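[1] below is the sequence, then the predicted model.
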Amino acid sequence: MTRAETSPRRARAQEPKTAREVALYILYHVDTRRAFADLLLTQSLKQGALEPRDAALVTELVNGTLRWRSRLDWTLDHYVRPGLDTLPPWIRNVLRLGLYQILFLDRVPPHAAVDESVKLARRHGHAGTAGLVNAVLRKILKEPSELPDPEREIPEPLEALAVAFSHPLWLVERWHRRLGDEATRALLEADNRSPDLCLRVNTARTDRETLRLALEAKGIQVEAGGWSRLSLRVKSHVIPSELPGFSQGHFFIQDESETLVGDLVRAEPEDTVLDLCAAPGGKSTQIQESRGDRGRLIAVDPDPKRGARISENIARMGLTGIEVMIADGRELTLPEPVDRVLVDAPCSGLGVLARRADARWRKTEASLRAMIPLESSLLESGSRAVKPGGVLVYSVCSFEPEEGVNLVRNFLRDHHEFEQEDVAAYLPKETVTDGFLLLYPHVHRTDGAFGARLRRLG
């Protein structure tokens, strides 16, 4: 074996300590093992015993580098011959990490980014790879005016846009066909911004103003949500589980888009509610909190581990009226129909690309199409569980027509026992399109989402 091959093995045996070491460790495993960045981040931050400032830096480095990966790779390919892909994975990711700091992270001095990158390259490679990293990054620093620009150098406009804003070409083409140039560019920009951490207040235990004051008393900057009276946006870099009030169940980590979906259910205290795709329990607990923990709610998920997570969140929020059922929602049969059904279906997740930084590189047109039969099947199953006069709410964290408006309209075409209700009666009018909830990151500063409210006639 060469020295370059043995060094990463030695490095992996050591526990990452600094923020950049932790970030590199995560990037390496996402790159080589298709690991999920959000899960590795959560695990690493719990185990790393990092200061809040360093934990925030790790999160920024990992998510930022993954968001901008194709732009970073395209740029580095101009300086690394015969190409970035020819380098060992550790060194490839050291270069990505270093260049991300130089191009996009103002709070890190560029020369410090280079120096720290060289240290990482030496630790995870050898003197030769450390020299390469030093030469490439210092050349970029020395000649910033000569930095390649994809929108000047790539002749095909949509390909140039895809590289410039670091999105898969198929996705840029899809959005451009539907939204046009200006809106597509704005959406790509929104996907590349770090999203706010959003809290939904637990009204069974506190209120938004009390929670805001408690957070600000600890020096945490927050602002009211733009659309929901239950939401607070956290502007400071924090570890969510360490926020004051977390262990007491004063809030749930939940984007405003999800909270607006929960608002569509509008369960009465005497209603029985079925949440067909409930993990991790955010909307189940919201519904139950909204009616003073009265009435029965059945939270369904097919995976026992996710079911356990729902139970943990129910307990943390201090609720008693929710029962967790481990079952496949497509095949669920209840003894009698219920008053309200929520189908928050698994989907492509194309509305949450800013929040799941590595997801854009996992998605394909085929994976989007593959979700539609599952979503349709869950909606069918949910519809069978609704009693006459009852309400069926369908939602996805996507704004793609195939998963949202088209799917619901196809359902209504085949199910004359249901009619669409205009969600403008329940939500801010700015979030409503053609009677549906429809949210875009570049328009609403939320995750992208779709929601429909249907009523069973009879």
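    It's in. Residues are numbered from 1 along each chain as shown.

[2] pull out the buried positions in stretch 170-185.
    171-172, 174-176, 179, 184-185 (16 or more other Cβ atoms under 10 Å). Using the backbone N, CA and C atoms, a C-beta is placed for each residue, glycine as well.

[3] list the ones among these that fall in helices.
    In helices, defined here by DSSP state H, the members of those are 171-172, 174-176, 179, 184-185.

[4] state the distance from the residue nearest the centre of the chain to Pro195.
    Closest residue to the average C-alpha location of the chain: Arg355 at 3.2 Å, with Cα atoms, centre = their mean. Using Cβ to Cβ, to the nearest Å, Arg355 is found at 5 Å from Pro195.

[5] name the residues contacting each of those two.
    Jointly contacting Arg355 and Pro195 under the rule Cβ atoms under 8 Å, 6 or more residues apart in numbering are 255, 447.

[6] residues contacting Lys142?
    Residues near Lys142 by Cβ under 8 Å, 6+ apart: none.

[7] what about it, distance to Val136?
    11 Å.

[8] how about Gly219?
    39 Å.

[9] all helices for the stretch 51-200 of the chain, in order.
    52-67, 69-76, 89-104, 110-124, 127-142, 150-153, 157-164, 169-191 (DSSP state H, counting those that start in this stretch).

[10] turn these into JSON lines, including mean pLDDT and distance to Arg33.
    Converted to JSON lines, the helices of the stretch 51-200 of the chain look like this (pLDDT from 0 to 100; distance: least, Cβ to Cβ, whole Å):
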{"stretch": "helix 52-67", "mean pLDDT": "92", "distance to Arg33": "14"}
{"stretch": "helix 69-76", "mean pLDDT": "98", "distance to Arg33": "16"}
{"stretch": "helix 89-104", "mean pLDDT": "97", "distance to Arg33": "10"}
{"stretch": "helix 110-124", "mean pLDDT": "95", "distance to Arg33": "16"}
{"stretch": "helix 127-142", "mean pLDDT": "95", "distance to Arg33": "21"}
{"stretch": "helix 150-153", "mean pLDDT": "96", "distance to Arg33": "29"}
{"stretch": "helix 157-164", "mean pLDDT": "98", "distance to Arg33": "25"}
{"stretch": "helix 169-191", "mean pLDDT": "98", "distance to Arg33": "24"}
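
[11] tell me which of the ones you listed is the most buried.
    helix 89-104 (a mean of 24; mean count of other Cβ atoms under 10 Å).

[12] mind naming the longest strand for the protein?
    The longest strand of the chain (DSSP state E) is strand 386-396.

[13] what helices or strands is it leaning on?
    strand 338-344, helix 365-384, strand 449-456 (3 or more Cβ pairs under 8 Å, 6 or more residues apart in numbering; DSSP states H and E).

[14] tell me which of these sits nearest to Val118.
    helix 365-384 (38.3 Å; Cβ to Cβ).

[15] could you say which helix or strand holds Leu332?
    Applying DSSP states H and E as the criterion places Leu332 outside every helix and strand.

[16] so it makes contact with Asp301?
    No: contact criterion Cβ atoms under 8 Å: Leu332 and Asp301 do not qualify, at 10.9 Å.

[17] residues that sit against both of these two, list them.
    Met325.

[18] neighbour count winner among these two?
    Applying other Cβ atoms under 10 Å to Leu332 and Asp301 shows that Asp301 carries more neighbours, namely 25 against 18.

[19] report whether Glu323 is found in a helix, as I expect.
    No: Glu323 is assigned strand when assessed by DSSP: H, G, I helix; E, B strand; the rest coil, not a helix.

[20] wait, it sits on Gly295?
    No: counting by Cβ under 8 Å, no contact exists between Glu323 and Gly295, whose distance comes to 11.7 Å.

[21] between those two, which is the more surrounded one?
    Between Glu323 and Gly295, counted using other Cβ under 10 Å, the more crowded position is Gly295 (19 against 13).

[22] residue contacts, the more buried one?
    267-273, 288, 321.

[23] do you know how far it is from Asp271?
    5 Å.

[24] what of His237?
    Taking Cβ to Cβ, one finds His237 at 40 Å from Asp271.

[25] these two - which one has more neighbours?
    Higher neighbour count among His237 and Asp271: Asp271, with 19 against 16, using other Cβ under 10 Å.

[26] pLDDT at that one, what is it?
    We have a pLDDT of 98 for Asp271.

[27] now Arg205
    At Arg205, pLDDT is 95.

[28] any idea whether Leu297 is helix, strand or coil?
    Going by three-state DSSP, the state assigned to Leu297 is strand.

[29] tell me the contacts of it?
    With Cβ under 8 Å, 6+ apart, Leu297 has these contacts: 267, 272-275, 284, 287-288, 321-323.
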